[in-house]
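K.L.:
Fold the following and give me the result.
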Amino acid sequence: MSGDLEPLFNPGSVAVIGASATPGKIGNIVFASLKGGGREVFPVNPNETEILGSRCYASVADVPSEIDLALVALPSSLSVDSVRDCVDKGVKFIVVASSGFGEGGEDGRELEAQLVEAIAGRETRILGPNTMGLFVPGTGLDTLFVTPERSRRPKAGPVAVVSQSGAVAISFLEKAESAGMGVSACVCLGNRCDIDELELIDHFALDDGTKCIALYLESFSDGRAFVGRAGEVAREKPIVLLKTGRTTAGGRAARLHTGSLAVSSDAVVEGAIRQAGVARAADEEELVDISTAFSALGHVDGGRVCVVASAGGFGVIAADFVESDTERDLLSMAELSDSTRERLGELMPAFATPSNPVDLTAGVTDDTYDQVLDTLQGDPGVDVILMSLELQAPGVSTELIDIAARRATLDRTPIIATVSAKDQSATLRQVTGSGVVAYPTMRRSVRSIEALVERGRYLRRST
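P.N.:
Predicted structure coming up:
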C-alpha cells in the first residue's frame, strides 16, 4: 500500500496507548518525550487518571480529538484490540512498539496476521510491530524509548535512516551525533507488517531535506522490487545499504530477531544492489561514514587520489590503503604534473620530495599548507585530495581547519580530511562542523573515497 506518509513524520496529535505514570517504563519514557515536542499528546490508560499533569483517557475512543499518530506500548496479546480501537477512531498511523509477534513463533505470527487484518481496507497504517518507532529532529518527534540521557540524538541534517533493528538505529544516531552529522529522520521498521522499506525509500526520494538514504536490512520485503526501485532513486539520490544475514548463522539470527527470511545467496544480493547503484556498507560505522560522504559530496568523478600530510607515516598508511584497493581497481595514487611538482618544490623544504604522497614535514605552516592545497587543486591529474589534518606540528594552528573548510567548499577538486589532534573527538566535530568531510582514520577516509568514486562510475554508466 502507498500513500502520504507526512502525518507519520509530523503528526499534529499523538496518543500513547499504554502510557504510564511509572518512571522507567516504556509508556512513561515515550509519553514524556512526546509531551515535550510541542504537539497535542494524549495518554491512554484505563488504570490512570493523570500522567505528568495530563488527563489520562480510558481508551483512544474517549480522546476528544482526531489522532494522527498512536503509539501502542502494550504487551502483544493486548495490542491487537488497541489497534482495532485505533482503526475505529480513524487514527492515521499506528506505531506498534510491542514485541512477541512474527519473530516469536506461531502464536506471534497469528497475532501479527490479526494486525494486518485489522487495517485491511481501511486508511490506517501500521509501523512495526516490534519497533522503536521514529525520530524526526526537524519536527521534534521522538518515540524512541532509549532516552537522550542514555543515547545522544544528532541534530537535523541530510541523511534519512531506515532500520529493521532499533539497536542498530540507535547506534547509527550515536555515531552520527559523535561525528557531527545530522539526520532528516530515523525510522525503525521492526517486523514491517505494513509500512516497509520500499515505501520509505519513495518518501525520502521526494524529501528535499534528505540528500542520502541509509538502510539497515536483515531481509527485503520484496527483493526484486527493491532492486528496481532503489535503482531508479539512486540515479538522483544516493542510497547506502547495510544488509546482514549473509551467512547461515546470520540468516537464522535475522529470523529470530524480526521474523525475516534473509536471501540465501549473498553473492546474488551483492551483484543486484551494485547493479542498482546502491553502495554497500560492511558495518554500522561504515554506514555512517559513507552516508556522510554522500550527503556532502554526492560523488567523485575519478579515483586518482593525492595524499598530503605533514607526517610521512600518515602518507604511507594512506598510500597503502589507496593502492590495496585491488578488487575493483577504483583508486590509484595520482601522478602529479611537472608544473605541480615544480611548484611544490618551491613551497616545500629542500630535503622534501615533491611527490605523491606529499610530505610537508613537521616544518609546515598554515600558509604553506594553504598554498600546497591550492596547487594540488589546480592539477588536472588529481580527482580527490586526502588531507591529513594534523595539528601537532609547531608551525600550524587551528587556522588550518578554516583553510581546509575554505578549500573544501570551492568548486574545485574535493577534499576529504583525516584528523589527528590532541583532542581528536572535539577537533573532528569542529572540522566536520566547518563543512569538511572528515574521519578519524585513514582507512575510513579511503573507504569513503572509494564509495564516492564508485558512485561516480555508476552515474556515468546510467546516463
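K.L.:
Roughly how far does the nearest residue to Phe351 once chain neighbours are set aside sit from Leu373?
P.N.:
For Phe351, the nearest residue in space outside its immediate sequence neighbours is Thr361; the separation is 7.8 Å by C-beta to C-beta, 6 or more residues apart in numbering. Just so you know, the C-beta spots here come from the backbone N, C-alpha and C atoms, and that holds for glycine as well. Thr361 sits 16 Å away from Leu373, taking C-beta to C-beta, to the nearest Å as the criterion.
K.L.:
dump the residue contacts of the residue nearest to Phe351.
P.N.:
Going by C-beta atoms under 8 Å, 6 or more residues apart in numbering, Thr361 touches 310, 312, 348-349, 351-352.
K.L.:
got a winner among these for most neighbours?
P.N.:
For those, counting by other C-beta atoms under 10 Å, the largest number of neighbours falls to Ser310: 28 neighbours.
K.L.:
what about that one, distance to Glu112?
P.N.:
For Ser310, the distance to Glu112 under the criterion C-beta to C-beta works out to 58 Å.
K.L.:
How about Ser295?
P.N.:
As it turns out, when the distance is counted by C-beta to C-beta, Ser295 lies 35 Å from Glu112.
K.L.:
For the lengthiest helix in the chain, what is the distance to the chain centroid?
P.N.:
Counting by DSSP state H, the longest helix found in the chain is helix 442-462. Relative to its chain's centre, helix 442-462 lies at 17 Å (C-alpha atoms, centre = their mean, to the nearest Å).
K.L.:
List the buried residues for the helix or strand harbouring Leu78?
P.N.:
Element membership of Leu78, judged by DSSP states H and E, is helix 76-89. The neighbour-count criterion (16 or more other C-beta atoms under 10 Å) identifies 76, 79-80, 82-87, 89 as the buried residues of helix 76-89.
K.L.:
from those, which is closest to Ala282?
P.N.:
Within the buried residues of helix 76-89, distances to Ala282 taken as C-beta to C-beta reach their minimum at Ser76, with 33.7 Å.
K.L.:
Is the closest residue to the closest one other than its chain neighbours in a helix, a strand, or coil?
P.N.:
In space, Ser76 comes closest to Gly100 once its chain neighbours are excluded; the distance is 3.5 Å by C-beta to C-beta, 6+ apart. Each residue gets one of three states, and Gly100 gets coil by DSSP: H, G, I helix; E, B strand; the rest coil.
K.L.:
Among the contacts of Thr361, which pair sits farthest apart?
P.N.:
For the contacts of Thr361, with distances taken as C-beta to C-beta, the pair at the greatest spread is Ser310 and Phe351 (14.2 Å).
K.L.:
Present the buried residues of helix 76-89 as TSV; the columns should include pLDDT.
P.N.:
Formatted as TSV, the entries for the buried residues of helix 76-89 read as follows, by pLDDT from 0 to 100:
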residue	pLDDT
Ser76	95
Ser79	97
Val80	97
Ser82	97
Val83	98
Arg84	98
Asp85	98
Cys86	98
Val87	98
Lys89	98
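K.L.:
Remind me what the one helix or strand Ala272 maps to packs against, helices and strands.
P.N.:
Element membership of Ala272 [criterion: DSSP H and E] is helix 266-275. Helix 266-275 makes packing contacts with helix 223-234, strand 239-243, strand 279-280 when contacts are defined by 3 or more C-beta pairs under 8 Å, 6 or more residues apart in numbering; DSSP states H and E.
K.L.:
what ranges do the strands span in the stretch 351-463 of the chain?
P.N.:
Using DSSP state E, counting those that start in this stretch, the strands of the stretch 351-463 of the chain run over 358-359, 384-390, 415-420, 437-439.
K.L.:
Looking at those strands, which is nearest to Val95?
P.N.:
Of all the strands of the stretch 351-463 of the chain, it is strand 437-439 that lies closest to Val95, at 33.7 Å by C-beta to C-beta.
K.L.:
what helices or strands is the closest one leaning on?
P.N.:
With 3+ C-beta pairs under 8 Å, 6+ apart as the test, strand 437-439 has helix 284-297, strand 415-420, helix 424-433, helix 442-462 packed against it.
K.L.:
Make CSV out of the helices and strands packed on helix 266-275 and add mean neighbour count, distance to Asp366 and mean pLDDT.
P.N.:
Supplementary listing: the helices and strands packed on helix 266-275 in CSV, determined by neighbours: other C-beta atoms under 10 Å; distance: least, C-beta to C-beta, whole Å; pLDDT from 0 to 100:
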stretch, mean neighbour count, distance to Asp366, mean pLDDT
helix 223-234, 17, 40, 96
strand 239-243, 25, 35, 98
strand 279-280, 22, 35, 97
